[in-house]
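Participant: generate coordinates for the sequence data below:
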Amino acid sequence: MISTSSVPRWAAIPLISGILLTGLPASAETETSSTKQSGHLYLVSIGIGDPDNITVRAQKILAESDIVFGMESVRERHADLLQGKEIYEAGHGLFRQMPPRPSNDAKGSDQDERAERRRRYEEKRAEREAQARKVIREAVEAGKQVAVIDYGDPTIYGPQTGYLSEFADLDPVVIPGVSSFNAANAALGRGITQGEHSRSVILTRTPGGPERENRLDTLEKLAESRSTLVFFTMRSKLPEVVERLKGSYPGDTPIAIVSHAGYAEREQVMVATLDTVLEQAGDAELPFEHLIYVGDFLK
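Facilitator: I've put the predicted structure just below:
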């Protein structure tokens, strides 16, 4: 790792009436210490999709940063901007309370193996949190600039929002950027707030997940408003999603799937209905990067 040393700046001390001042008055020393610049902590979006979706402001903040935290895939996206900086692994979901794991029927050695994997994961997580606390607090106290980088909009289902709460006393600043939501909207080429029966849009996650039973914002509740629903997905299983949606929407409800939003050469859009989407999608597994839209604005 390469660290950046700071160079002290000295103010010129004038000669008054031919007398050389050999020190600053107490009042001047107090003023100097009180105006000393402290370091800064930023949560920076590098955009989504192609590297040129990063904002000018984000580039500027990264150029000025001494230390950068980020997941490996995020760091690789803009390795050229990170040359000569101290680099640390940001982890995934640090400083956040993770939802409970669903129970399973594993027994014997399988159960022991899963328990061991979970133990190692929690141990590594604790190590990374301890490292981040030490590095970030010492750096900011020393007047350095620290950037935690993430894809898209870091505040929408982003894995690094825990840094904002953990270091709230350092007044972290979020640098916004192009999210997958922005890019997918552009790919659809429609006004998503121009629905036939609703002008509202709800961002949510695909039905399911280990915390589903404890959520108040169930799909059934959200569907009552007939607002446009936008599902942020993580390896969702389309047949299961469609089955859940059909429990709240008629079969002719429009649905769109935007894959690889923000990638000029890979972006794909499929528009169908709940009755036809599985046939159109075929047996191909959806990529990790996809959003699902449900609403009559697609008609």
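
Participant: could you chop the chain up by domain?
Facilitator: 36-178, 181-298 (automatic domain parsing).

Participant: give me the below-cutoff pLDDT ranges for the stretch 1-150 of the chain.
Facilitator: 1-37, 98-108 (pLDDT under 70).

Participant: how does it look with 50?
Facilitator: Scanning the stretch 1-150 of the chain for pLDDT under 50 picks out 2-36.

Participant: just the helices in it please.
Facilitator: For the stretch 1-150 of the chain, applying DSSP state H, counting those that start in this stretch gives helices covering 26-34, 56-64, 72-77, 108-141.

Participant: what does the stretch 151-299 of the chain give?
Facilitator: With DSSP H, counting those that start in this stretch as the criterion, the stretch 151-299 of the chain has helices at 162-166, 180-188, 219-223, 238-246, 277-281.

Participant: now the third one: mean pLDDT?
Facilitator: It stands for helix 219-223. Taken as a whole, helix 219-223 carries a mean pLDDT of 89.

Participant: which residues does Ile67 bridge with?
Facilitator: Beta-bridge partners for Ile67, by DSSP bridges, are Glu86, Val146.

Participant: what about it, neighbour count?
Facilitator: Applying other CB atoms under 10 Å, we find 23 residues neighbouring Ile67. All C-beta atoms are positioned from the backbone trio N, CA, C, and that covers glycine.

Participant: mind listing what it touches?
Facilitator: Ile67 makes contact with 85-88, 135-136, 139, 144-147, according to CB atoms under 8 Å, 6 or more residues apart in numbering.

Participant: as JSON lines, the helices of the stretch 151-299 of the chain with mean neighbour count and distance to Ser259 would be great.
Facilitator: Below are the helices of the stretch 151-299 of the chain laid out as JSON lines (neighbours: other CB atoms under 10 Å; distance: least, CB to CB, whole Å):
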{"stretch": "helix 162-166", "mean neighbour count": "19", "distance to Ser259": "28"}
{"stretch": "helix 180-188", "mean neighbour count": "21", "distance to Ser259": "9"}
{"stretch": "helix 219-223", "mean neighbour count": "16", "distance to Ser259": "22"}
{"stretch": "helix 238-246", "mean neighbour count": "17", "distance to Ser259": "12"}
{"stretch": "helix 277-281", "mean neighbour count": "15", "distance to Ser259": "10"}
